[in-house]
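J.: okay, sequence plus prediction incoming.
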Amino acid sequence: MHELSIELVELIVPWVEMVGIVVVLWGAIEGLIKLLLRIKSTLAKAPDLTPISHIRAAIGEKTALGLDFFLAGDIIQTIMVPSWESLAMLGGIVVIRTVIAFFLNKDLRELSGK
């Protein structure tokens, strides 16, 4: 049964991490499109400019969500195949991603004015 669980985790974890990649790409593409529209508006001297803070918020929200998916994949994998090395690596990853998520969320709160 444990071997079946390990095989299942080996199938699931890459998909969970792929969702994280898709979400981060979604944010990057959305931010790029909004930036290009802003540049176009600037060149056309149109008054309707998307604030840079909205562009940053769009990218930041998706990046934070993508990091959550990456972390979920790492946690699932470590739970199923624990070793001291994998636990130490997960601990380091959790610390790094927690710090990144903290500052992303702080920036998002500041950008939204809350």
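T.: Perfect, thanks for sending it. Predicted, not measured: the structure shown is a model, and the values here were computed from it.

J.: now do the end-to-end distance for stretch 76-85.
T.: By CA to CA, to the nearest Å, the extent of stretch 76-85 from end to end equals 15 Å.

J.: where does the prediction get shaky in the chain?
T.: Applying pLDDT under 70 to the chain flags the ranges 113-114.

J.: please enumerate the helices of it.
T.: Counting by DSSP state H, residue ranges of the helices within the chain are 2-43, 52-80, 84-112.

J.: now render those helices as JSON lines, adding mean neighbour count.
T.: No exception for glycine: its C-beta is placed from N, CA and C like everyone else's. As requested, the helices of the chain are exported to JSON lines (neighbours: other CB atoms under 10 Å):
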{"stretch": "helix 2-43", "mean neighbour count": "14"}
{"stretch": "helix 52-80", "mean neighbour count": "18"}
{"stretch": "helix 84-112", "mean neighbour count": "13"}
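
J.: so for this structure, the centremost residue is which one?
T.: In the chain, the centroid-proximal residue (CA atoms, centre = their mean) is Gly66; its distance is 2.4 Å.

J.: and the gap between the residue located most distally from the centre of the chain and Val13?
T.: In the chain, the residue that sits farthest from the middle, by CA atoms, centre = their mean, is Lys45; the gap is 34.0 Å. Distance of Lys45 to Val13, given as CB to CB, to the nearest Å: 50 Å.

J.: for Gly91, same thing?
T.: 18 Å.

J.: next one: Ile75
T.: 10 Å.

J.: before we move on, what about Ile33?
T.: Taken as CB to CB, the span from Ile33 to Val13 is 31 Å.
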